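Q: When you get a sec, could you give me coordinates for this:
(2 chains, ligands or ions: 2)
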Amino acid sequence: MEYLSDVVTLRLDREVCVGCGRCLEVCPHGVFSVDSGKARIDDRDACMECGACARNCPVGALYVKNGVGCAVGILNARLGRKSACCGGAQSGCCSS
Amino acid sequence: MSFGCCCGTCGAVAVADGMTGYLQTSIGPVPRVAVRWTWRDRVGAWAVCWGLGRMRYTVAPGLYAVGTPTQEAPVLVTANYKLSFDHLRRALDGFDAWVLVLDTKGVNVWCAAGKGTFGTDELVERFALSGVAKVVVHRKLVVPQLGAPGVAAHEVSRRTGFQAIYGPVYARDLPAFLRDGMRATPEMRRVGFKLRERLAVTPIELVHRALPVAFTLAFFLASSGLGRHGYRLDFGQWPWIALAVGANAFAGIVLTPALLPWLPGRSFAVKGAVTGVVLGAILALFCPFGWLAGVSAGMLGVSACSFLGLMFTGCTPYTSASGVKSEMRWSLPMQGALALAGVCGWVASRFI
Ligand code: SF4
Ligand code: SF4
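A: Ligands and ions are numbered 1, 2, ... in the order given. Have a look, this model is predicted:
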């Protein structure tokens, strides 16, 4: 399943990348591959902006504005309320 | 607060739920966990999925033993949400391992990592407090991959001297991962969203939406009393109104998630709207509402199903925040306009 195309904030600076492969390991959607010693974004639209890759890149070659892709949470945030989103029905609570 | 080990040292206390006793180690007694689920674990897991009493579903943070772990046994990190812990211990049946439970305030690994409570700092602190470094000779920590948004593996390594290795996404793949020398296949690194997983969240969704659905139902039942000749409830319409509201709730909460991959479009508001259009057409054809009320009911259904589709983004593991924001920008006004038109048409149909 693919979500909307061309919306995510993911950016890779290939100049800085040292090709360690950490981003491949942590990404739950197979967004990256490593090619000639550098990471490459293969499937940008599959990114869910979880932030795992950017947090784990040892040289800071990745940027993503991470957030939870949840309409309830975003609405609540806009209304100045605390997000009631994650921790409730987020998938994974019941299946893993 | 951080005295997670207190219950292990304060004299003869009862063995906690899910534990089978204590393992004597060089750092004192470490609670030993049961790998089999009891009926209470099952009931608990079921209750959690239905949103009942979730707030108390926690495990004390700290170090635990699975089986009879030696100095060579792997160290696995998890959250103190009892269901995360339960899935982990069940997957470890037949293994000897150490489990380090972080204090995530009873939230699962994935959500806690997003909030940062399952994070580098908590891991490093809990690691130091637990004394786990004294019971093993190797220098490796297995961190669940879904914790990666909160944990920087290279920082953990720098601060603890232990190498942080990401385990598989699902606890059920842990045996294969451990047997293969801590290597995860690319499939183990991917988050799925199969029918079973999509439907696993419907019970809690039904519970969450019960109140709004009840209000909607009450509103339309009451509206049946409007008319040119004063207010008199039309009980003959009630079964049809209840059917229409119930069918819409079912479509929006159960059908859209179940049919997700087959519904056209990428946007959830569109997918929901498609369900709503199909259902609305069926209802308009078969319910004895008359043309104006039928069309209005259809519009209300499209609006409701589209909105519920959008709400379902919170339950999926692949929608990005940027994507959800972008579809909210156009879909919320559309849903609002449809709902308004639907209510006006519905009320007007009572007077003509
Ligand atoms: S933000 Fe998450 S989903 Fe997106 S590329 Fe990074 S790890 Fe993958
Ligand atoms: S984690 Fe960073 S340095 Fe390593 S391969 Fe990915 S982008 Fe390159």
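
Q: Just give me how far stretch A:26-46 sits from the chain centre.
A: 11 Å (C-alpha atoms, centre = their mean, to the nearest Å).

Q: How confident was the prediction at B:Gly51?
A: Looking at B:Gly51, its pLDDT is 68.

Q: And A:Ser96, by the same measure?
A: 37.

Q: just the helices in the chain please.
A: Chain wasn't specified; assuming chain A. A:22-26, A:52-56, A:71-78 (DSSP state H).

Q: nope, chain B please
A: B:6-9, B:39-49, B:82-91, B:109-115, B:120-130, B:153-160, B:174-179, B:195-200, B:202-223, B:238-250, B:256-259, B:268-286, B:291-311, B:321-349.

Q: Report the buried residues of the second one.
A: Neighbour counts using 16 or more other C-beta atoms under 10 Å in any protein chain shown place B:Asp41, B:Gly44, B:Ala45, B:Val48, B:Cys49 of helix B:39-49 among the buried residues. Glycine gets a C-beta too; all of them are placed from N, C-alpha and C.

Q: still on that earlier bit, of the helices of chain B, which is nearest chain A?
A: When the helices of chain B are compared by C-beta to the nearest C-beta, helix B:321-349 sits nearest chain A, at 3.1 Å.

Q: quick one: that closest one near chain A?
A: Yes: residues of helix B:321-349 contacting chain A under C-beta under 8 Å from any C-beta of the partner chain: B:Ala321, B:Ser322, B:Gly323, B:Val324, B:Lys325, B:Ser326, B:Glu327, B:Met328.

Q: and those residues, which are buried?
A: B:Ala321, B:Ser322, B:Gly323, B:Val324, B:Glu327, B:Met328.

Q: what's near enough to touch the nearest residue to B:Leu206 once chain neighbours are set aside?
A: Leaving aside its sequence neighbours, B:Leu206 sits nearest to B:Ile253 (C-beta to C-beta, 6 or more residues apart in numbering or on different chains; 5.9 Å). Counting by C-beta atoms under 8 Å, 6 or more residues apart in numbering or on different chains, B:Ile253 touches B:Thr202, B:Glu205, B:Leu206, B:Arg209, B:Leu308.

Q: hang on, the earlier thing: between the residues of helix B:321-349 next to chain A, which is closest to B:Val302?
A: B:Glu327 (15.5 Å; C-beta to C-beta).

Q: can you list the residues of chain A near ligand 1?
A: A:10, A:26-27, A:29, A:31, A:47-53, A:64 (C-beta under 6 Å from any ligand atom).

Q: Which ChimeraX command selects the buried ones in those residues?
A: Per 16+ other C-beta under 10 Å, the buried members of the residues of chain A next to ligand 1 correspond to this ChimeraX selection:
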select /A:10,26,27,29,31,47,48,49,50,51,52,53,64
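
Q: Contacts only, for B:Trp330.
A: Contacts of B:Trp330 (C-beta under 8 Å, 6+ apart): B:Ala269.

Q: Give me the distance between it and B:Gly280.
A: 20 Å (C-beta to C-beta, to the nearest Å).

Q: For A:Ser33, list each beta-bridge partner.
A: A:Arg40 (DSSP bridges).

Q: number of nearby residues for it?
A: When counting by other C-beta atoms under 10 Å in any protein chain shown, one arrives at 14 neighbours for A:Ser33.

Q: Go ahead and confirm it touches A:Ala39.
A: Yes: contact criterion C-beta atoms under 8 Å: A:Ser33 and A:Ala39 qualify, at 7.5 Å.

Q: Quickly list what's touching both of those two.
A: Going by C-beta under 8 Å, 6+ apart, residues that sit against A:Ser33 and also against A:Ala39 are A:Leu24.

Q: neighbours of residue 60, just the number please.
A: If you meant another chain, say so; for now it's chain A. 10.

Q: meant chain B actually
A: There are 16 residues near B:Ala60, going by other C-beta under 10 Å.

Q: any idea of the pLDDT on it?
A: 91.

Q: Then B:Glu122?
A: The model's pLDDT for B:Glu122 equals 96.

Q: Now it: closest residue in space, sequence neighbours ignored.
A: B:Leu102 (5.1 Å).

Q: contacting residues for the one you found?
A: Contacts of B:Leu102 (C-beta under 8 Å, 6+ apart): B:Pro61, B:Val77, B:Thr78, B:Ala79, B:Asn80, B:Ala112, B:Phe118, B:Glu122, B:Leu123, B:Arg126.

Q: can you list those residues in CSV and add distance to A:Ser5 and neighbour count?
A: Shown next, in CSV, are those (distance: C-beta to C-beta, whole Å; neighbours: other C-beta atoms under 10 Å in any protein chain shown):
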residue, distance to A:Ser5, neighbour count
B:Pro61, 42, 24
B:Val77, 36, 26
B:Thr78, 35, 27
B:Ala79, 33, 31
B:Asn80, 38, 25
B:Ala112, 30, 28
B:Phe118, 31, 33
B:Glu122, 36, 20
B:Leu123, 36, 26
B:Arg126, 41, 21
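
Q: Which of the helices and strands in chain A ranks last by mean pLDDT?
A: Sorted by mean pLDDT, DSSP states H and E, the helices and strands of chain A end with helix A:71-78, the least confident at a mean of 83.

Q: Spatially central residue for chain A, please.
A: Nearest to the mean C-alpha position of chain A, by C-alpha atoms, centre = their mean, lies A:Glu49 at 2.8 Å.

Q: Look up phi and psi at the spatially closest residue to that residue that is not a sequence neighbour.
A: Spatial nearest neighbour of A:Glu49, excluding adjacent residues (C-beta to C-beta, 6+ apart): B:Ser320 at 4.1 Å. Torsion angles at B:Ser320 (phi, psi; degrees, to the nearest 10) stand at phi -90, psi 150.

Q: Go ahead and confirm B:Ser320 touches A:Gly69.
A: Yes: B:Ser320 is in contact with A:Gly69 according to C-beta under 8 Å; the separation is 4.8 Å.

Q: Those two: which is more packed in?
A: B:Ser320 (28 against 25).

Q: That one and B:Asp103, how far apart?
A: 29 Å.

Q: And for B:Glu187?
A: B:Glu187 is 31 Å from B:Asp103, by C-beta to C-beta.

Q: higher neighbour count, these two?
A: Between B:Glu187 and B:Asp103, B:Asp103 has the larger neighbour count (other C-beta under 10 Å), namely 22 against 11.

Q: show me the contacts for the residue in chain B that ligand 2 sits nearest to.
A: Closest approach between chain B and ligand 2, counting by C-beta to the nearest ligand atom: B:His154, at 9.2 Å. Contact analysis of B:His154 by C-beta under 8 Å, 6+ apart lists A:Arg22, A:Asn56, A:Pro58.

Q: My guess is the second one contacts B:Ala148. True?
A: Pointing back at A:Asn56 there. Yes: using C-beta under 8 Å, A:Asn56 is in contact with B:Ala148, at 5.8 Å.

Q: Alright, that wraps it up for me.
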